[in-house]
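Q: Okay, sequence plus prediction incoming.
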Amino acid sequence: MSINRLHIKLTTTIIIIFFASLAISYANIDYQEHDITPNTVFAEFNGGTITKADFDKELDNIPTMYRSRYTTSEGKENLLMSMITNEIFYLKALEMGIDTRPETQAKVQDNLTRFYALEYIRRNITNQVEVEKQEIIEYYQDYSRRFTEPANTTIKYIKVEDNESAINVSEQLDQGVDFIDLINRYSVNEYSKRNQGIIRNIRGSGYIQGVGREAELDNAIKEAPLEQWVGPIKTDIGYHFFKVIERIPEIVKPLEEVREQIVARLRPMREALLREEVKEDLMKKYDLSINENLLNTVNVTNITAEDDDLDQLIVDSNENELQITIRDVHSYFRQLSPQERSQMNNPAHIIRWLNSIVEHNLFAYEARVNNYEKYLMDDPDVQQVKRNTILRELFQELVLDYASASDEQIEKYYTENIASYTSDKHRTIQLFMFETNRNARKARRRIVRAIRNNDSDTIDEVIEGSLYTRNSGIITDVYSAEISQFKDNGRMAEAVWETNVGEVSSIKQNNEGNFFFVKIIEEFPSTVTPITEVKTQIRDLLSSSKRETRWIELQQELKQDFNVVTYPERVAVSFSANELFDLAEDALKRNRHHEALDYYNRIINIFRNNSDDYKALFMKAFLLAEDLNQEEEAVEYFKQLINEYPHADLHESAEFMIKSIQEDFKLFDD
């Protein structure tokens, strides 16, 4: 029998609330063979393993917005495979000695420049700045107003619009009528009504929160005694009543309370001064100078390889590594974000930008000279940069270079697909269109004479009387097919291509009944784009599919070479029952019913503890009945719960659901 959907809907809230009340602590559950510890191995290979602790650490490093992708079984397995690939590729790189190659080490050092500069700043600037006690005291005394909490007043407030209302309020205040009742009946100030008639933090500045700038009212509040009604005070916006219920005097915070705040203000200023001093000393040490005159002549936004003198020095130094050429400036520019690039039309900003690069390079170079690498060796971020650089070198060698298309392959593809790189012949025309054939003939005679006499004024006059005046009737890029602006029967194209350049076509009629002719202004022959202009594009096209194939093959080869063994079933049970219930609930909120069903099935199969399993079974049956319309199957699962879990505390609810489905009974009686 089909389920009575209305009755089931009425029970949904009751059952879910009841089920939520059954939440338990999972800390004391004995998972037995499913008990996964941080040392549980998820994958092993020649040279290493990946444990649950490694896996969880990697998962925690994924940004929160993307982490949900890896909460499913499939997502976790994908993450594990990514970790395995990363590990065995790194082992392969070490095996090939990529990490010891001079070119790799040079790239590592380039990529670590930022870390060297930051370490130099930390040791020689940040750690050297001390804010003296006397400086703190003097700043506190000189800027005491910054640490002063101004006096403020709190009032009860009523505003009315007219004199009659003001009289009524005044009388009822004298009679002691309840204040809340008065503001609800009379006040027209919505702000105070929302706050039970209370306005706080009135500072005597002339502005009153929720009222506006009312100097007369503000002055009255300043002078009013405590706990006495004042009013009505008439202003341009109405009649005001108020009672001061609290005054807090001005308070100057004690020095100890604001000491850290003062240090936070003073320290950056001291650091900036020291930073500039250190930079100037290093510029003298390395005889470094900036040629601002040359920089001002360089268009940093549009430097090309064909420009002359790209190797001219904008920054000169007795150390080659600190020199910067015009070519280098363009390289730095390409690394900027679009927003930063947009500011490079300002010469002053360009000079500041270059100065920041010079400072960065100086600090990093000095750190290297002084062997700061010893301070960076154990930094996890530094280790990751080194690792990523080595992996990129391996990928370049085994995938990108391997899959790169040869010049012969590029030429072959270009020849076979020459039509894709060939533009068709096309023309530029001028269109003249009229409602009648008579007007068209008259206009055509004038245009022919005007062309003969080189009379542009007459042509402009004829266009003014034409039905098509856009862009003076001129249409570009007219190919052999129909013209995109006009869906006609092909007569427009006939007129264009049966007429010689510089001449005027015969008169034709279009689908709308209008009469037209065209003047052929110019013809552009078919052209072929040279292979030199599309070579990079073709290389990328041919290489992309080869790279993808090579990448898949290489992963399989390395998995075999390093004897990779994975344990996906351990990854699957690395969720606790509580986490799986939460994932199922989240899936239901997003109407992903089958995904929720999968989570319940996993709980049933993994956590056979006479607690989580039967609750998941109940929710599975409920989901089948309520959301997937599979009532018969749901009944079987409800019966299974009753039969297989005799001590379960959901029997009554299961029986209720069976009865609801099979008997279609009425849940509530009036």
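A: Alright, I've got the coordinates. Numbering: from 1, shown residues only.
Q: can you give me the helices in the stretch 1-150 of the chain?
A: Using DSSP state H, counting those that start in this stretch, the helices found in the stretch 1-150 of the chain span residues 5-20, 52-61, 64-67, 73-96, 102-111, 113-124, 133-142.
Q: Correction: the previous question concerned the stretch 551-670 of the chain.
A: 568-572, 577-589, 593-606, 612-626, 631-644, 651-663.
Q: okay if I get those as CSV plus mean pLDDT?
A: Shown next, in CSV, are the helices of the stretch 551-670 of the chain (pLDDT from 0 to 100):
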stretch, mean pLDDT
helix 568-572, 75
helix 577-589, 83
helix 593-606, 83
helix 612-626, 87
helix 631-644, 88
helix 651-663, 83
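Q: and of those helices, who's closest to Thr325?
A: helix 568-572 (52.2 Å; Cβ to Cβ). C-beta coordinates here come from the backbone N, C-alpha and C atoms, glycine included.
Q: could you say what helices and strands that closest one packs with?
A: strand 41-45, helix 73-96 (3 or more Cβ pairs under 8 Å, 6 or more residues apart in numbering; DSSP states H and E).
Q: Identify the residues contacting Arg592.
A: If you count contacts by Cβ atoms under 8 Å, 6 or more residues apart in numbering, Arg592 has none.
Q: quick one, phi psi at it?
A: Phi and psi for Arg592, reported as degrees, to the nearest 10, are phi -100, psi 80.
Q: Okay, and the residue nearest to Leu336 when sequence neighbours are not counted sits in which element?
A: Leaving aside its sequence neighbours, Leu336 sits nearest to Met344 (Cβ to Cβ, 6 or more residues apart in numbering; 7.6 Å). Assigned by DSSP states H and E, Met344 falls within no helix or strand.
Q: in stretch 64-71, what's buried?
A: Buried residues in stretch 64-71, counted by 16 or more other Cβ atoms under 10 Å: Tyr70, Thr71.
Q: now what about that stretch, what contacts it?
A: Here stretch 64-71 makes contact (Cβ under 8 Å, 6+ apart) with Leu59, Ile62, Gly75, Lys76, Asn78, Leu79, Leu583.
Q: Next, format those as a markdown table and append distance to Ala367.
A: Below are the contacts of stretch 64-71 laid out as a markdown table (distance: Cβ to Cβ, whole Å):
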| residue | distance to Ala367 |
| --- | --- |
| Leu59 | 34 |
| Ile62 | 32 |
| Gly75 | 41 |
| Lys76 | 41 |
| Asn78 | 40 |
| Leu79 | 36 |
| Leu583 | 47 |
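Q: how about these in JSON lines, adding neighbour count and distance to Val298?
A: Converted to JSON lines, the contacts of stretch 64-71 look like this (neighbours: other Cβ atoms under 10 Å; distance: Cβ to Cβ, whole Å):
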{"residue": "Leu59", "neighbour count": "16", "distance to Val298": "48"}
{"residue": "Ile62", "neighbour count": "13", "distance to Val298": "42"}
{"residue": "Gly75", "neighbour count": "15", "distance to Val298": "50"}
{"residue": "Lys76", "neighbour count": "20", "distance to Val298": "52"}
{"residue": "Asn78", "neighbour count": "13", "distance to Val298": "48"}
{"residue": "Leu79", "neighbour count": "18", "distance to Val298": "47"}
{"residue": "Leu583", "neighbour count": "20", "distance to Val298": "57"}
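Q: Let me see the mean pLDDT of stretch 322-339.
A: When pLDDT is averaged over stretch 322-339, the result is 88.
Q: Give the buried residues for it.
A: Neighbour-count burial for stretch 322-339, counted by 16+ other Cβ under 10 Å, picks out Leu322, Gln323, Ile324, Thr325, Ile326, Asp328, Val329, His330, Phe333.
Q: Please apply the same query to stretch 156-165.
A: Lys156, Tyr157, Ile158, Lys159, Val160, Ser165.
Q: Also stretch 39-55?
A: Thr40, Phe42, Ala43, Glu44, Phe45, Ile50, Thr51, Lys52, Asp54, Phe55.
Q: Distance of the first one relative to Ile606?
A: So the one you mean is Thr40. Distance of Thr40 to Ile606, given as Cβ to Cβ, to the nearest Å: 14 Å.
Q: Can you tell me what sits against stretch 167-177?
A: Ile158, Val160, Leu182, Tyr186, Trp229, Gly231, Pro232, Tyr239, Phe241.
Q: wait, doesn't Phe55 sit right on Leu79?
A: Yes - counting by Cβ atoms under 8 Å, Phe55 touches Leu79, with 7.3 Å between them.
Q: Specify which member of the buried residues of stretch 39-55 is nearest to Ala348.
A: Asp54 (50.4 Å).
Q: any chance of the buried residues of stretch 156-165 in JSON lines, with pLDDT, distance to Glu533 and secondary structure too?
A: As requested, those are exported to JSON lines (pLDDT from 0 to 100; distance: Cβ to Cβ, whole Å; DSSP: H, G, I helix; E, B strand; the rest coil):
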{"residue": "Lys156", "pLDDT": "89", "distance to Glu533": "79", "secondary structure": "strand"}
{"residue": "Tyr157", "pLDDT": "90", "distance to Glu533": "75", "secondary structure": "strand"}
{"residue": "Ile158", "pLDDT": "88", "distance to Glu533": "79", "secondary structure": "strand"}
{"residue": "Lys159", "pLDDT": "89", "distance to Glu533": "74", "secondary structure": "strand"}
{"residue": "Val160", "pLDDT": "87", "distance to Glu533": "79", "secondary structure": "strand"}
{"residue": "Ser165", "pLDDT": "88", "distance to Glu533": "81", "secondary structure": "helix"}
